[in-house]
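Novice: Could you work out the structure for the sequence below:
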Amino acid sequence: MKRLLLVLTILANMFLGGCISEELTDIGIAVSVGIDKSEDGYLVTYQVMNPKAISSKAPNEAPVVLYTESGKDLFQIKRKITQQSPRKMYHSHLRTVIFSEEIAKEGIKDMMDFFVRGHEYRTDFYFLIAKGTTAHNILKVITPFETVPQMEVYNALEKSEKNWAPTKTIKIYELINKIISDGDNPVIPGVEIIDPKDKSDSNDNLKLSDATKLRVTSLGVFKKDKFVGWLAEDESRGYNYIRGNVETTAGYIEYEQNRISFEVVKADEKRKVYMLNGKPAINVEINLTHNISAITGNLDLTDEDIAKKVNDAAEKKLKMVINSSLKRAKEDFGSDIFGFGEDIHRAYPKLWNDIKDDWNNEFIELPVNIDVKVKLNGLGASTKSVFSKGD
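Specialist: Numbering: from 1, shown residues only. This next block holds a predicted model:
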């Protein structure tokens, strides 16, 4: 019934939105497009819904069908797919676009133009990079929870962005604006295959308790439109704190042989540009509020002195994580992914006009001060470890 409702909802949206003139029996609903490199130029894979399988009329069939074609031009490939598919590709319900690392290293600017100009493409789909594999291999995996695999990835992106600090979604206009900006480079999240098995591209994968899965992973760094490398998980976390992208997340600190787990319930970010020795500098202030989730060890956080030391330890750890992200962006990538250039542009437009043409090199030498303040908000249902003995 849930599968039938999914199909009916999508079809109803198509009719009510007045966005389709073709007969439903003449179109294939593409939910994802994967772009790899080929000898011809592009190798494009479409993940297309199989309505029979989703509506349970053919439960033994795969819920999606893949169509793959190569060529030098994306629009030509889109039309050429009709040699294989009995239905014309329909893209208004696209959820993800996935680039291989190889194709992203060459530059994605021309592909962005294709997705913007196409009248079928809306603006609510997300971009990803296939980490350690091809986009085609990502789209082959039949995932266990959602009927349509790329809906699972789409939902995981949205949930993890809100609940797990290292993740960040990016849509088409945000990506384009960062590519054309002189003082802000984009990041794109990765997606990878975990627990790969021989039959991950068939319904047999759904019968396994440890089935092959897809995982949204850390952030890929770009310099303009070219992919230059990956941030580690903690570095991705540091990036999102600087950008003010963190809503809530989880973490822990070690303090005197105790482990304190906490939930971040609020994270505010303030940035200020100032002049230092005649050159621009940035101050980033992070104000974080957290609740204690668990304590391993015998620690009493009702003691104000201990609570302060725990907050100090949390501040020190977060500052270290943020500085590691800054260091990586400067020393390994030479890419201002934090938008500091745009901050300088707004604060000192005349100065920015003088330095913008060489900003990525200027960014490497930019002084950035990180100020972290952590406030303990709640101790949970117990103020000590549940195994602590009372006096």
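Novice: Where does residue 124 sit: helix, strand or coil?
Specialist: Assigned with DSSP: H, G, I helix; E, B strand; the rest coil, residue 124 falls in the coil class.
Novice: For residue 276, which residues are in contact?
Specialist: For residue 276, the contacting residues are residue 367, by Cβ atoms under 8 Å, 6 or more residues apart in numbering. C-beta: built from backbone N, CA, C; applies to glycine.
Novice: Phi and psi next, for it.
Specialist: Backbone torsions of residue 276, given as degrees, to the nearest 10, read phi -130, psi 110.
Novice: For it, give the beta-bridge partners.
Specialist: residue 279 (DSSP bridges).
Novice: Relative to residue 368, how far out is it?
Specialist: For residue 276, the distance to residue 368 (Cβ to Cβ, to the nearest Å) stands at 11 Å.
Novice: same thing with residue 374?
Specialist: 19 Å.
Novice: okay, the two: which has more neighbours?
Specialist: With neighbours defined as other Cβ atoms under 10 Å, residue 374 and residue 368 compare such that residue 374 has more, 24 against 17.
Novice: What is the distance between the helix or strand containing residue 306 and the centre of its chain?
Specialist: Residue 306 belongs to helix 304-327 when elements are defined using DSSP states H and E. Computed by Cα atoms, centre = their mean, to the nearest Å, the chain-centroid distance of helix 304-327 equals 25 Å.
Novice: Only the C-alpha atoms, please, for the helix or strand that it is followed by, written as PDB.
Specialist: Elements were assigned by DSSP H and E; along the chain past helix 304-327, the next helix or strand is helix 340-347. Extracted C-alpha coordinates of helix 340-347, given in PDB (Å, rounded to 0.1, in the frame of the first residue of the first chain):
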ATOM      1  CA  PHE A 340      35.800  34.900   4.200                       C
ATOM      2  CA  GLY A 341      36.400  36.700   0.900                       C
ATOM      3  CA  GLU A 342      32.800  37.600   0.700                       C
ATOM      4  CA  ASP A 343      33.000  38.900   4.300                       C
ATOM      5  CA  ILE A 344      35.900  41.200   3.300                       C
ATOM      6  CA  HIS A 345      34.000  42.300   0.200                       C
ATOM      7  CA  ARG A 346      31.100  43.500   2.300                       C
ATOM      8  CA  ALA A 347      33.300  45.100   5.000                       C
END
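Novice: how many other residues sit next to residue 81?
Specialist: Residue 81: 20 neighbours (other Cβ under 10 Å).
Novice: contacting residues for it?
Specialist: Contacts of residue 81 by Cβ under 8 Å, 6+ apart are 46, 67, 69, 89.
Novice: What degree of burial does residue 344 show, as a neighbour count?
Specialist: Neighbour count for residue 344, taken as other Cβ under 10 Å: 24.
Novice: can you pull the pLDDT of residue 390?
Specialist: Per-residue pLDDT puts residue 390 at 53.
Novice: all helices in the stretch 101-250 of the chain, in order from the N-terminus.
Specialist: Remark: helices assigned in the stretch 101-250 of the chain by DSSP state H, counting those that start in this stretch are 101-106, 109-117, 135-140, 149-163, 172-180, 233-243.
Novice: Check the gap between the closest residue to residue 151 other than its chain neighbours and residue 81 for me.
Specialist: Nearest residue to residue 151 in three dimensions, chain neighbours excluded: residue 95, at 6.1 Å (Cβ to Cβ, 6 or more residues apart in numbering). With distances taken as Cβ to Cβ, residue 95 is found 18 Å from residue 81.
Novice: in terms of contact, does the residue nearest to residue 151 touch residue 155 like I think?
Specialist: No - using Cβ atoms under 8 Å, residue 95 makes no contact with residue 155, being 9.0 Å away.
Novice: Looking at the two now, which is surrounded by more residues?
Specialist: residue 95 (21 against 14).
Novice: Please enumerate the strands of this structure.
Specialist: Per DSSP state E, the chain carries strands over the ranges 27-38, 41-49, 64-71, 88-90, 96-100, 126-130, 187-194, 213-223, 226-230, 249-255, 258-276, 279-296, 368-378.
Novice: tell me the average confidence for stretch 354-361?
Specialist: Rounded mean pLDDT across stretch 354-361 is 92.
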